[in-house]
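**Student:** fold the following, please.
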Amino acid sequence: MYVAYFILAAAVVSVVFFTLSNLISNAASLKNTLIAIGAFTLLALICYFIFASGVETMLKDGTMLSVAQSKLVGAGLYLFYSLAFVAGGTMLFFGFKKSLNK
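**Tutor:** Numbers count the residues shown, from 1 in each chain. The predicted structure is shown next:
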């Protein structure tokens, strides 16, 4: 079991190292990556602070889901729906644009 953990850790470390070294060596790629991370963070904050509402809820096993946990779940769902909408809209836009160019 420890061999599998070691191999997983080695793979993760190598991926992170080569990704960061590539980003540092290419300024345009770094700029695009930071823009994408910023847009994702902004969308996540909008989903959490504007759309999500927390409600204390009793779960089936008898425990309580707190207001903060409920708000995180709601924000995650809104974030998923928003990203799916953006992905679908992007595919439709570029598909339509490609069909017009032919």
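**Student:** which ones are touching residue 30?
**Tutor:** Contact partners of residue 30, counting by Cβ atoms under 8 Å, 6 or more residues apart in numbering, are 23-24. C-betas here are computed from N, CA, C, even on glycine.
**Student:** what helices or strands is the longest helix along the chain leaning on?
**Tutor:** Of all the segments of type helix in the chain, defined by DSSP state H, the longest one is helix 67-101. Packing partners of helix 67-101 (3 or more Cβ pairs under 8 Å, 6 or more residues apart in numbering; DSSP states H and E): helix 27-46.
**Student:** so which residue is dead centre in this structure?
**Tutor:** For the chain, residue 40 is the residue whose C-alpha lies nearest the centre (Cα atoms, centre = their mean; 6.4 Å).
**Student:** could you point out the helix or strand that follows the helix or strand of the chain with the lowest mean pLDDT?
**Tutor:** One helix or strand of the chain scores below all others by mean pLDDT, DSSP states H and E: strand 57-58, with a mean of 90. Later in the chain than strand 57-58, the nearest helix or strand by DSSP states H and E is strand 64-65.
**Student:** avg pLDDT for that next one?
**Tutor:** The predicted model assigns strand 64-65 a mean pLDDT of 93.
**Student:** partner strands of that strand, with direction?
**Tutor:** Sheet partners assigned to strand 64-65 using DSSP bridges are listed as strand 57-58 (antiparallel).
**Student:** list the contacts of the strand it pairs with.
**Tutor:** Contacts of strand 57-58 from elsewhere in the structure, counted by Cβ under 8 Å, 6+ apart, are 64-65, 70.
**Student:** and it, how far out from the chain's middle?
**Tutor:** On the basis of Cα atoms, centre = their mean, to the nearest Å, strand 57-58 is displaced by 27 Å from the centre of the chain it belongs to.
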